[in-house]
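*Asks:* Sequence and predicted structure, then a few things I'm wondering about:
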Amino acid sequence: MADAEPYEPTIPDLRDPIRAALDSVLDVARPHTDGALASYIPELTRADPEALGAALASVRGSVHESGDSETTFTIQSVSKPFVFALALEQSGLAEVIRHVGVEPSGEPFNAISLEPATGRPLNPLINAGAIVMSSLITGDTAAEKFAIIHAGLNAFAARELDLDESVFESEHATGDRNRALAYLTQSAGTLGSTAEVATGAYFRQCSVSVNARDLAIMAATLANGGRNPISGERVIGEDVARWTTSVMTSCGMYDASGDWLVHVGLPAKSGVGGGIVAMQPEEFGIGTFSPRLDARGNSVRGIVMLRTLSERYGLHMLQHRGAPHSPIAQLERDDRVEGGGDTIARLRGEVFFAGAEEVLTRLAPLVGDGGCLVLDFSNVTRVGDAAAALFRGLPDVAGLGPDGRPRVAVLDPEGVLVGDA
């Protein structure tokens, strides 16, 4: 792919500057007319090759759209991480990884990528692994499994999604390679049902109709730790969201996943319907749509859009954002205490493990230096679980001074150290 064009700042749309940013990214992608429509599923050749849309949904529930963001297309392989998440939620990580690995395949999406010793597909985002995931969903028939998958996808999108019957029939009629993959995993003992049941559910799952807005909301649900920011529904648990996002990071763009991680740096998943879903944990989800594909089955313009967004706005998940502000806002000495003054450390902002390490390292010399060290969390808005555990145990670790008073005290009027415990 050619390098993104130099960014020329434009006057922002004050009504929706995020939409203005998306508009400008679509303008960069529009001239890229290389690639071709997916043809191995005949019904996909009916897509409008010029369709182009994008949407961004924040974890706070705002949605910004540009271009053909409401044009529907079939979800295809973009469904894979979400069905993987549903299987994890249903059966747990230990059971799921008995059936599928989590390693990048470095091969095309429809390759025969099975571990020689176990017969497991290398990961759940290639076809073989995705079919195994569909087979693990509860239900004796393809229809029963799909009903659960469909309900889960609806919950991720915060609306009822239709099934494109024409695409399903086309997939069913031309899906012999996927059936072959299913039979191989069945013979290896990794499939959770018969091959016909598994592929029947899988073909339906891939034929669900979505648009770019749906994909953005689905991705934002993962970014939000499994809680849909539009409906407020908890769709999956936080651990499941993290495991799913991890696999998307390493495996989501097939044999282009390494290049994607270097140049874009967002957990993502593509589909031959022309959609790409991407997300930034704890911030937002993005959905793009453009049906022309490159040789690896990824949307040509979708890659341009997401690479441009990442480069312009520093969205790479490993982007260095400079030294963070110290969580220690102010140190005060209170000499009104008889026998030695107290030191009050007023903390601020969000404090996670690195912030806790700074607080404890910098303030450790003050413990036992006469009086009490008071950690004031009044202006702290959030504390990570690991950091909270360190702070909660600090008074007991520090013990009492010679005067019988605690060497360390914690002032937490808003209960930020308690969290959901």
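*Replies:* Perfect, thanks for sending it.

*Asks:* Quickly find the element holding residue 329.
*Replies:* Following DSSP states H and E, one finds residue 329 within strand 328-334.

*Asks:* so how far is stretch 285-293 from its chain's centroid?
*Replies:* How far stretch 285-293 lies from its chain's middle: 16 Å, per Cα atoms, centre = their mean, to the nearest Å.

*Asks:* for stretch 277-288, same thing?
*Replies:* 6 Å.

*Asks:* Return it as PDB; C-alpha atoms alone will do.
*Replies:* Taking Å, rounded to 0.1, in the frame of the first residue of the first chain, the C-alpha atoms of stretch 277-288 are listed here in PDB:
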ATOM      1  CA  VAL A 277     -13.400  -3.400  12.600                       C
ATOM      2  CA  ALA A 278     -10.700  -1.900  14.800                       C
ATOM      3  CA  MET A 279     -10.600  -0.500  18.300                       C
ATOM      4  CA  GLN A 280      -8.500   1.300  20.900                       C
ATOM      5  CA  PRO A 281      -9.000  -0.300  24.300                       C
ATOM      6  CA  GLU A 282     -10.900   2.000  26.800                       C
ATOM      7  CA  GLU A 283     -11.400   4.700  24.100                       C
ATOM      8  CA  PHE A 284     -13.300   3.800  20.900                       C
ATOM      9  CA  GLY A 285     -14.300   1.400  18.100                       C
ATOM     10  CA  ILE A 286     -14.100   2.000  14.400                       C
ATOM     11  CA  GLY A 287     -15.900   0.400  11.500                       C
ATOM     12  CA  THR A 288     -15.000   0.900   7.800                       C
END
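
*Asks:* and after the helix or strand hosting residue 128, which helix or strand comes next?
*Replies:* Per DSSP H and E, residue 128 falls inside helix 127-136. Helices and strands here follow DSSP H and E; after helix 127-136, the next one along the chain is helix 142-157.

*Asks:* tell me the mean pLDDT for that next one?
*Replies:* Helix 142-157 shows a mean pLDDT of 98.

*Asks:* could you check the angle helix 127-136 makes with it?
*Replies:* Here helix 142-157 runs at an angle of 100 degrees relative to helix 127-136 (axes from the mean of the first three to the mean of the last three Cα atoms, to 10 degrees).

*Asks:* pLDDT score for residue 235?
*Replies:* 98.

*Asks:* Setting the sequence-adjacent residues aside, check what's closest to it.
*Replies:* Nearest residue to residue 235, sequence neighbours excluded (Cβ to Cβ, 6 or more residues apart in numbering): residue 155, at 4.5 Å. For the C-beta atoms, the positions are set from N, CA and C on the backbone; glycine is no exception.

*Asks:* pLDDT value on residue 15, please?
*Replies:* pLDDT at residue 15 comes out at 65.

*Asks:* now do the one 5 residues further on
*Replies:* Note for residue 20: predicted pLDDT of 92.

*Asks:* who's in contact with the strand holding residue 329?
*Replies:* 341-348, 358-359, 362-363, 371, 379 (Cβ atoms under 8 Å, 6 or more residues apart in numbering).

*Asks:* neighbouring strands for that strand, and are they parallel or not?
*Replies:* Strand pairing for strand 328-334, using DSSP bridges, gives strand 342-351 (antiparallel).

*Asks:* Next secondary structure element downstream of the strand it pairs with?
*Replies:* helix 353-363.

*Asks:* Report the angle between that next one and strand 342-351.
*Replies:* Using the same axes, to 10 degrees: helix 353-363 against strand 342-351 is 160 degrees.

*Asks:* Only C-alpha atoms, please: export helix 353-363 in CSV.
*Replies:* Below are the C-alpha coordinates for helix 353-363, written out as CSV (Å, rounded to 0.1, in the frame of the first residue of the first chain):
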residue,chain,number,x,y,z
PHE,A,353,0.5,0.5,38.6
ALA,A,354,3.2,2.9,37.2
GLY,A,355,1.7,5.8,39.1
ALA,A,356,1.5,3.7,42.3
GLU,A,357,5.2,2.8,41.8
GLU,A,358,6.1,6.5,41.6
VAL,A,359,4.1,7.4,44.7
LEU,A,360,5.5,4.6,46.8
THR,A,361,9.1,5.1,45.6
ARG,A,362,9.2,8.9,46.0
LEU,A,363,7.4,8.9,49.3
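
*Asks:* so how far is the very next helix or strand once past it off the chain centroid?
*Replies:* Next helix or strand after helix 353-363 toward the C-terminus (DSSP H and E): strand 373-383. How far strand 373-383 lies from its chain's middle: 30 Å, per Cα atoms, centre = their mean.

*Asks:* any idea of the mean pLDDT in strand 373-383?
*Replies:* 95.

*Asks:* Which parts of the stretch 151-300 of the chain are strands?
*Replies:* Along the stretch 151-300 of the chain, counting by DSSP state E, counting those that start in this stretch, strands occupy 209-210, 268-270, 275-280, 284-289.

*Asks:* Which among the ones you listed is found nearest to residue 314?
*Replies:* strand 275-280 (10.6 Å; Cβ to Cβ).

*Asks:* Just give me the neighbour total for the residue nearest to residue 235.
*Replies:* Residue 155 sits with 19 neighbouring residues when counted by other Cβ atoms under 10 Å.

*Asks:* circling back: buried ones from the contacts of strand 328-334, can you make that a ChimeraX selection?
*Replies:* Those of those that count as buried under 16 or more other Cβ atoms under 10 Å are selected in ChimeraX with:
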select :341,342,343,344,345,346,347,348,359,363,371
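
*Asks:* Max pairwise distance over the contacts of strand 328-334: which two?
*Replies:* Farthest apart among these by Cβ to Cβ are 341 and 358. That separation is 23.2 Å.

*Asks:* thinking again about what came up before, make JSON lines out of the strands of the stretch 151-300 of the chain and add mean pLDDT.
*Replies:* Shown next, in JSON lines, are these (pLDDT from 0 to 100):
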{"stretch": "strand 209-210", "mean pLDDT": "98"}
{"stretch": "strand 268-270", "mean pLDDT": "96"}
{"stretch": "strand 275-280", "mean pLDDT": "97"}
{"stretch": "strand 284-289", "mean pLDDT": "98"}
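
*Asks:* Give me the distance between residue 146 and residue 51.
*Replies:* Note on residue 146: its distance to residue 51, by Cβ to Cβ, to the nearest Å, is 27 Å.

*Asks:* These two: who's more crowded?
*Replies:* Neighbours were counted for residue 146 and for residue 51 using other Cβ under 10 Å; residue 146 has more, 24 against 18.

*Asks:* Nearest spatial neighbour of that one, chain-adjacent residues omitted?
*Replies:* Residue 146 sits nearest to residue 204 (Cβ to Cβ, 6+ apart), 4.3 Å away.
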